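J.: fold the following for me, if possible:
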Amino acid sequence: MTKKIIVTGIAGFIGMSLAVKLLERGDRVIGIDNINDYYSVQLKQDRLARLRDIGGDNFSFHHIDFADMAALERALAGTDFDAIVHLGAQAGVRYSIENPHAYVQSNLVGHVNMLEIARHRGVEHMVYASSSSVYGNNKVMPFSVADRVDQPISLYAATKKADELMSETYAHLYRLPQTGLRFFTVYGPWGRPDMAMWIFTRKILAGEPIDIFNHGRMKRDFTYIDDIIAGVIASLDNPPADDGLPKAGGSVSPHRLYNIGNHRSEELMHLVRLIEDACGTKAEKNYMDLQAGDVPETFADIDAIQQDLGYQPSTRIDVGVPRFVDWYRAYHRL
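T.: Predicted coordinates:
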């Protein structure tokens, strides 16, 4: 059955990729994005152009800031919708140290606004983006949704944990079905220019040196975009029941939390070698200390989403990295 779904952060990497799949299966998508200049506005416009080509009349877009409640209510007045996938946020760990107010406005005020829209419109389900950053300096691997996550080491992580707490409150008070997804280092075609994979690829192809933090002693659970989207859609299509039973993450309200990763923690230097191979050239490397707010390793325990929804990521980085580099060359006509 065709659904009408709001996707915030629609001009972003995950937002656009999700919308493509929803439109291809026949859903109607209402996109919201303020198209800020945190990274290339042109890239965001190109993503929107792709959605207009694919979606036609099934795609509509509102160029607004969801942290502005009055603008949000005006844009959605008279529009019916079944569900919300709230992916929009101010992203980036290190930028949260430089510009904390952007995170408070987008990630806290904006999240409450979307909760209020979901509550008053009686949506079937609100799926929202959390982050692996909530685990902070957790030393127990892999990270489990049962772990305590009350010691964030960046403001970005603190806002994402706060979003989970606010969502739990709305699930308890208003029985609003919600699923929070803790994403682990998402990459692939149409990705983000502030992420390591894009930065390394750009610099290697340009013959510039790359910065290797923590002297290369870094590991990440790199998750290919197609695997992420499969998990988001499985979550969206299966709202948590309001049955009083404990859900993933511990809630007895209709609210659950899932890690959504690849369940593999890969060495950073292995990633660099794969990008070098795909680019056909070796990188000059600057080895540096760990950056403030960053963590040496991430590793997702995905048992909960596997058991509940059958989520099974299948793309290894030795397959996904060359796909990204091929897309990067084509997009930039290199």
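
J.: so the residue nearest to residue 244 when sequence neighbours are not counted is in which element?
T.: Leaving out its chain neighbours, the residue that sits closest to residue 244 by C-beta to C-beta, 6 or more residues apart in numbering is residue 252, at 5.5 Å. C-beta coordinates here come from the backbone N, C-alpha and C atoms, glycine included. Using DSSP states H and E, residue 252 sits in no helix or strand.

J.: so who does residue 252 touch?
T.: 244, 245, 246 (C-beta atoms under 8 Å, 6 or more residues apart in numbering).

J.: can you flag the buried ones in those?
T.: Buried by 16 or more other C-beta atoms under 10 Å: nothing, out of the contacts of residue 252.

J.: out of these, list just those in strands.
T.: Counting by DSSP state E, no part of the contacts of residue 252 is found in strands.

J.: quickly name whichever of these is closest to residue 90.
T.: residue 246 (31.8 Å; C-beta to C-beta).

J.: residue contacts, that closest one?
T.: With C-beta under 8 Å, 6+ apart, residue 246 has these contacts: residue 252.

J.: all strands for the protein, in order.
T.: Secondary structure of the chain (DSSP E): strands at 4-8, 28-33, 59-63, 83-86, 125-131, 178-183, 186-187, 210-212, 219-220, 223-224, 255-260, 266-267, 285-287.

J.: so what strands line up beside the third one?
T.: When you say that, I think you mean strand 59-63. As defined by DSSP bridges, the strand partners of strand 59-63 come to strand 28-33 (parallel).

J.: can you pull the buried residues of the helix or strand of the chain with the lowest mean pLDDT?
T.: The helix or strand of the chain with the lowest confidence, counting by mean pLDDT, DSSP states H and E, is helix 95-98 at a mean of 78. The neighbour-count check on helix 95-98 (16+ other C-beta under 10 Å) flags 95, 96 as buried.

J.: stretch 49-68 now?
T.: 51, 54-55, 58-62, 64-68.

J.: now do the contacts for residue 167.
T.: By C-beta under 8 Å, 6+ apart, residue 167 lies in contact with 111, 115, 126, 128, 178, 180, 255.

J.: now the two most distant members of these.
T.: Across the contacts of residue 167 (C-beta to C-beta), the longest gap, 13.5 Å, separates 111 and 255.

J.: around residue 281, how many other residues sit close by?
T.: 11 (other C-beta atoms under 10 Å).

J.: tell me the pLDDT of the nearest residue to it once chain neighbours are set aside.
T.: Excluding its sequence neighbours, the residue lying closest to residue 281 (C-beta to C-beta, 6+ apart) is residue 204, at 6.1 Å. At residue 204, the pLDDT value in this model is 96.

J.: okay, buried residues for stretch 291-302 please.
T.: 293, 295, 297, 298, 299, 300, 301, 302.
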